[in-house]
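>>> Structure, please.
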Amino acid sequence: MPTNHGQVALVTGAGLRVGRAIALALGRREMHVVVHYNASSDGARETVRLIEASGGSASTAHGDLTSVESCESLIDSVVADHGALHTLVNSAAVMVRTPIGEVACDAWDAMFALNVRAPFFLAQRAAPHLRASRGCVVNIADMAAFETWSAYVPHGITKAAVVQMTRALAHALAPDIRVNAVAPGVVLLPDGFDAAGAEHLRRTTPLDRLGTPEDVADAVLYFLDATYVTGEVIRVDGGRHVRR
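A predicted model of the protein is given here:
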């Protein structure tokens, strides 16, 4: 397996779910992984424990990324503590069910603050350090950027913005920094999702299975190695975007 021994990676929202899987994968690459969290302190510590148990190196960093100042201080503290930054993975996000007619302004603003504003200001603050290391940014979008989910319209708009942000930053930060994105499909089911719904999703997925967070992590690892790829979005959805 290729390694990135001694490099520093920051993964936001890495205490749980997809963020944790990405952090573990980077830890196996012999990177020092900074596990960011906001509310999930126990989860972040567990992610660090798992990385260290597999022989890797990791630490935690707290920050409320809905604050631009917190985004900037997070980057500053990572570089101050570790001397460099090679990879930024913008995984922290919120997905809230908001049917039309029930969307409140505060919910809209909260989604955009975390899903769109935070990754932009993190990347902007990280850019000088990533330029020095010829590093990369990987944004986590999702298939809502390309599909229309009637109960999640604001969420889908935020993820479409992440896709456009990826393309624009790839252009603006080239040639020293590569910026790409992963758009997961069904890799984790929402809480309360029933077995019949899960079976329907499996049957309507061309690869005949649901995905896993590790499938997303594999795509992130591809972008670490793909030094001639920037501005790209990989859909990790089992082929659902090509189904009839």
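>>> tell me the strands in the protein, going along the chain?
Ranges of strands in the chain, per DSSP state E, are 8-11, 32-37, 57-62, 87-90, 136-140, 178-184, 233-236.
>>> These: which one's closest to residue 125?
Ranking the strands of the chain by proximity to residue 125 (C-beta to C-beta) places strand 87-90 first, at 9.5 Å. (Glycine included, C-beta is placed from N, CA and C.)
>>> what comes into contact with that closest one?
Contact partners of strand 87-90, identified using C-beta atoms under 8 Å, 6 or more residues apart in numbering, comprise 4, 7-12, 14, 19, 22, 26, 31, 118-119, 122-123, 126, 130, 135-140, 162, 220, 224.
>>> nearest residue to residue 202 other than its sequence neighbours?
residue 210 (5.6 Å; C-beta to C-beta, 6 or more residues apart in numbering).
>>> can you pull the contacts of the one you found?
Residue 210 neighbours (C-beta under 8 Å, 6+ apart): 186, 187, 189, 198, 201, 202, 238.
>>> distance of the residue nearest the centre of the chain from residue 16?
Closest to where the C-alpha atoms of the chain average out (C-alpha atoms, centre = their mean) is residue 91, at 2.3 Å. Per C-beta to C-beta, to the nearest Å, residue 91 is found 10 Å from residue 16.
>>> ok, back up a step: please name the nearest non-neighbouring residue to the residue nearest to the centre of the chain.
Here the residue nearest residue 91, using C-beta to C-beta, 6+ apart, is residue 19, at 4.0 Å.
>>> Am I right that the one you found is in contact with residue 10?
No. In this structure, residue 19 is not within contact of residue 10 by C-beta atoms under 8 Å, at 11.0 Å.
>>> show me where this structure has helices.
With DSSP state H as the criterion, the chain has helices at 17-28, 41-53, 68-82, 105-112, 118-133, 153-173, 195-203, 213-225.
>>> pLDDT value on the spatially closest residue to residue 99 that is not a sequence neighbour, please?
Using C-beta to C-beta, 6+ apart and skipping residues adjacent in sequence, the residue nearest residue 99 is residue 151, 4.9 Å away. On the pLDDT scale, residue 151 is placed at 90.
>>> contacting residues for residue 151?
Counting by C-beta under 8 Å, 6+ apart, residue 151 makes contact with 97, 98, 99.
>>> got a list of what the spatially closest residue to residue 223 that is not a sequence neighbour touches?
In space, and not counting its chain neighbours, residue 223 is closest to residue 180: 4.6 Å by C-beta to C-beta, 6+ apart. By C-beta under 8 Å, 6+ apart, residue 180 lies in contact with 136-139, 166, 170, 223, 226, 229-234.
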